[in-house]
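K.L.:
Sequence first, then the predicted structure:
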Amino acid sequence: SSSDKIARALDVAVDQGARVLNLSFAGPRDPIVGRMIRRAHERGAVIVAAVGNDGQERTRYPAAFEEVIAVTATDARDRLYSQANRGRFVGVAAPGVDIVTTGPGNSIQSLSGTSMAAAYVSGVVALLLERDPGLKPDEVRAMIEASTVDLGAPGKDSEYGAGRVDAFRAVSRGRQSSQAPAGR
């Protein structure tokens with residue numbers, strides 16, 4: 001698609017009330033898309049994007065924009081997907097290998113990639129926003145990163161980011177913080 005079409009789609013989605021934007025594509029830096037991502041973020045949308053599947057240390061956009069939760073993929077044993085890009089921009093990891101999904105003509109297929117993982121994280125974001133609609137995008141990111149399971153090198157790293165997303169932990173922590181008495 002063109003930069004103009006992507007930017008327009010982001011704007012329309014936010015105008016229509018979308019709070020979660022899943023961007024399962026990766027490419028070079030695009031200033032037009034970057035401006036629209038910043039605008040969507042400022043308007044309260046949480047943007048999640050795939051880091052790309054080039055299998056190397058390579059910064060890809062829109063995942064590398066500061067306002068975006070950049071997602072890499074892991075398999076059932078928490079190993080990094082071999083084709084996942086790596087780099088300092090990686091935010092979190094999520095299941096993305098051998099994901100069973102629907103396909104053309106009502107078929108069922110198994111797919112792998114960072115796009116599958118980004119969709120998983122987008123679902124966790126939606127759960128958090130359902131539980132607490134007042135959350136800001138940066139608060140959602142912080143809750144997700146704080147509830148991950150650390151993988152790879154200790155702490156945030158260029159392969160797994162903060163670690164593998166744990167939906168239960170994220171929602172449980174969100175519930176605890178949203179139910180805490182005032183003043184705590």
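P.N.:
Here it is on my side, so go on. Numbering: from 1, shown residues only.
K.L.:
Against Ile6, how distant is the residue nearest the centre of the chain?
P.N.:
Nearest to the geometric centre of the chain sits Val48, at 3.3 Å (CA atoms, centre = their mean). Remark: distance between Val48 and Ile6 (CB to CB, to the nearest Å) = 15 Å. C-beta here means a position set from N, CA and C on the backbone, and glycine is covered the same way.
K.L.:
how deep is Lys77 tucked in, by neighbour count?
P.N.:
Not Lys; residue 77 is Arg. When neighbours are counted by other CB atoms under 10 Å, Arg77 registers 6.
K.L.:
ok, now the one 10 residues further on?
P.N.:
Applying other CB under 10 Å, we find 19 other residues in the vicinity of Gly87.
K.L.:
got the contact list for it?
P.N.:
With contacts defined as CB atoms under 8 Å, 6 or more residues apart in numbering, Gly87 is in contact with Val51, Glu57, Arg58, Thr59, Ala64, Ser158.
K.L.:
Kindly confirm my reading that Thr72 is in a helix.
P.N.:
No. Judged by DSSP: H, G, I helix; E, B strand; the rest coil, Thr72 forms no part of a helix; its state is strand.
K.L.:
Read off the pLDDT value for it.
P.N.:
Confidence at Thr72, expressed as pLDDT, is 98.
K.L.:
just Ser178 next, same as before
P.N.:
42.
K.L.:
again with the one 4 residues further on
P.N.:
If you check Ala182, the pLDDT there is 39.
K.L.:
The protein: helices as residue ranges?
P.N.:
3-15, 31-42, 114-131, 137-146, 167-179 (DSSP state H).
K.L.:
My guess is the residue nearest to the centre of the chain contacts Val68. True?
P.N.:
Yes. Contact criterion CB atoms under 8 Å: Val48 and Val68 qualify, at 7.0 Å.
K.L.:
overlap in contacts of the two?
P.N.:
Taking CB under 8 Å, 6+ apart as the criterion, Val48 and Val68 both touch Leu23.
K.L.:
what number of residues lie near Gly134?
P.N.:
Gly134, neighbours per other CB under 10 Å, totals 8.
K.L.:
Equivalent analysis for Thr59, please.
P.N.:
Counted with other CB under 10 Å, Thr59 comes out at 18.
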